[in-house]
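>>> Below are the sequence and a predicted model; questions follow.
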Amino acid sequence: MQTIDYTDFLRIELKIGTIIRAENFEKARKPAYKIWVDLGELGVKKSSAQITDHYTLESLIGKQVMCVCNFPPKQIADFISEVLVTGFSDSEGKIVLASVDQAVPNGARLH
């Protein structure tokens, strides 16, 4: 494993946000959702997420998720993904969202 120093870690803007809207992403090549995340002072940002195995659209609303906020926007089909919603692969390679076990303010940064 390659090591980084603390200043490298500080360059990554990992922030928590609340999913406020979710839709099926019909034009994505792999099953995905379009999601909108309230990131506090950063505003509401869009993301495309391949998380359809463990989550329904309804179960996502109100869920707090950890996002990388300083990647450049990425166009996926006809949608611009502004943040990367993070997660971990389960034993079958399906994504489980990175979240918190207690509510924290939207836009809070990971330390």
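Perfect, I can see it now. Residues are numbered from 1 along each chain as shown.

>>> Show me the beta-bridge partners of the residue positioned nearest the centre of the chain.
With distances taken as CA atoms, centre = their mean, the residue of the chain nearest its centroid is Val85 (1.4 Å). Beta-bridge partners recorded for Val85 (DSSP bridges): Cys67.

>>> wait, what's in contact with it?
Residues counted as contacts of Val85 (CB atoms under 8 Å, 6 or more residues apart in numbering) are 35, 37, 47, 49, 51, 65-67, 97. C-beta: built from backbone N, CA, C; applies to glycine.

>>> In strands, which of those appear?
Under the assignment DSSP state E, these contribute 35, 37, 47, 49, 65-67, 97 to strands.

>>> got these as a markdown table, with neighbour count, pLDDT and distance to Lys27 columns?
Output for the ones in strands among the contacts of Val85, formatted as a markdown table (neighbours: other CB atoms under 10 Å; pLDDT from 0 to 100; distance: CB to CB, whole Å):
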| residue | neighbour count | pLDDT | distance to Lys27 |
| --- | --- | --- | --- |
| Ile35 | 28 | 98 | 15 |
| Val37 | 29 | 98 | 20 |
| Ser47 | 25 | 98 | 15 |
| Ala49 | 25 | 97 | 14 |
| Val65 | 24 | 98 | 22 |
| Met66 | 20 | 98 | 26 |
| Cys67 | 26 | 98 | 22 |
| Leu97 | 18 | 98 | 22 |
